[in-house]
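Chemist: Provided below are the primary sequence and the corresponding predicted coordinates.
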Amino acid sequence: MDTLQNMRIFVRVCETGSFTAASQGMSVTTAYASRAVSMLEAHLRTRLLNRTTRRIALTGAGECYRQRCEEILASVDRAEAEAADAHARPHGLLRIHATSSVGQHYVVPAITRYQSKHPGVSVELTLAQRVPDLLEEGYDVALVVAPALPDSGLVSQHLGRTYSVLCAAPGYIQEHGLPEYPSDLTRYNCVRLLTTIFPSDRWTLTGPSGEETIGFEASTFQVNTAEALAAWIRDGGGIAPLPVPCALPALREGTLVRVLPQYRLQALNIYALYASRQYLDAKIRTWIDLFREELPAVLGADEAEIEAMCAPVEHASAA
């Protein structure tokens, strides 16, 4: 039994005072309307309407039930309108998860522009070096940086590509010399960024001769965010890979210099992950659309700027 539909028919019969009039307004037959009310009465074991050949009248129980039905149906209508509105109009809380560098340097500025277009959306941004469980943790969308994505039931959209570059403090290079080839790196303190993306004991660099893999002994320092790693190497800790958005501010200021500028660590893809493509919430759809539209140009500008810094610094080479 479709209780909600039967309740709607019952309320309509009460409003029109006729099964015939009610059936015409709801595109059902008179017999169907009569049967719907009878099914409600059988389900409730209570007479709702007194019927004669000329008119119908509510019983006492029927009047109380009609009032409750109107309240329930109004709540259902509001719930349906709100749910449909979520598909059509961006509003409410948007929960975003992103890795630290992408989040700080790309997501936060995009959120400002997004909210200027959609002021009805509030944003909760979480930065962490992991891929969250969207369904378990309740995130609407995750922005993931990885060589590739494992198979999952999630929907993914490729937004762009980025990479890391090797950096060091000018003072560290002055003291230890400048490496000329990837193989020289084994003589330096090469600091690790602890992530699930790269192996902890080797780097794969892409340069003029293709890919070169360099293995290392245990590092004197490891950390799981690029921003903390940047602070460490600015203090002369050693040589380390930094994501382009994290490296650029320090390279502009001269607090870091690029090492082996003709090389980069293997490119990484930036993906947006969300739970389902069907009936996608408007705030998720519009956020992904804006980020996908803006990010390639920003990534391209960052890459052009950092590659313009490719000229090797004027310091002594490693002995």
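Modeler: The structure has been received and is ready for your questions.

Chemist: what's the spacing between Ala228 and Thr20?
Modeler: According to CB to CB, to the nearest Å, Ala228 and Thr20 sit 76 Å apart. Just so you know, the C-beta spots here come from the backbone N, C-alpha and C atoms, and that holds for glycine as well.

Chemist: now do the domain split for the chain, please.
Modeler: 3-87, 92-161+269-302, 162-267 (automatic domain parsing).

Chemist: and of those domains, who's closest to Met309?
Modeler: Met309 lies closest to domain 162-267 among the domains of the chain, at 5.7 Å (CB to CB).

Chemist: ends of the closest one, how far apart?
Modeler: 6 Å (CA to CA, to the nearest Å).

Chemist: what's the mean pLDDT across it?
Modeler: The average pLDDT within domain 162-267 is 86.

Chemist: coming back round to it: can you put the domains of the chain in CSV and add mean neighbour count and distance to Ala308?
Modeler: Below are these laid out as CSV (neighbours: other CB atoms under 10 Å; distance: least, CB to CB, whole Å):
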stretch, mean neighbour count, distance to Ala308
domain 3-87, 15, 45
domain 92-161+269-302, 16, 11
domain 162-267, 17, 10
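
Chemist: compile those into CSV and extend it with columns for distance to Met309.
Modeler: Below are those laid out as CSV (distance: least, CB to CB, whole Å):
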stretch, distance to Met309
domain 3-87, 45
domain 92-161+269-302, 11
domain 162-267, 6
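
Chemist: find the nearest non-adjacent residue to Arg8, please.
Modeler: Leu73 (6.2 Å; CB to CB, 6 or more residues apart in numbering).

Chemist: name the element that neighbour belongs to?
Modeler: Assigned by DSSP states H and E, Leu73 belongs to helix 60-88.

Chemist: what's that helix packed up against?
Modeler: In terms of contacts (3 or more CB pairs under 8 Å, 6 or more residues apart in numbering; DSSP states H and E), helix 60-88 is packed against helix 3-16, helix 282-307.

Chemist: would you map the helices across the stretch 201-319 of the chain?
Modeler: Counting by DSSP state H, counting those that start in this stretch, the segments of the stretch 201-319 of the chain that form helices are 226-234, 244-253, 282-307.

Chemist: out of these, the one nearest Val144 is which?
Modeler: Within the helices of the stretch 201-319 of the chain, the stretch nearest Val144 is helix 282-307; the backing value is 12.7 Å (CB to CB).
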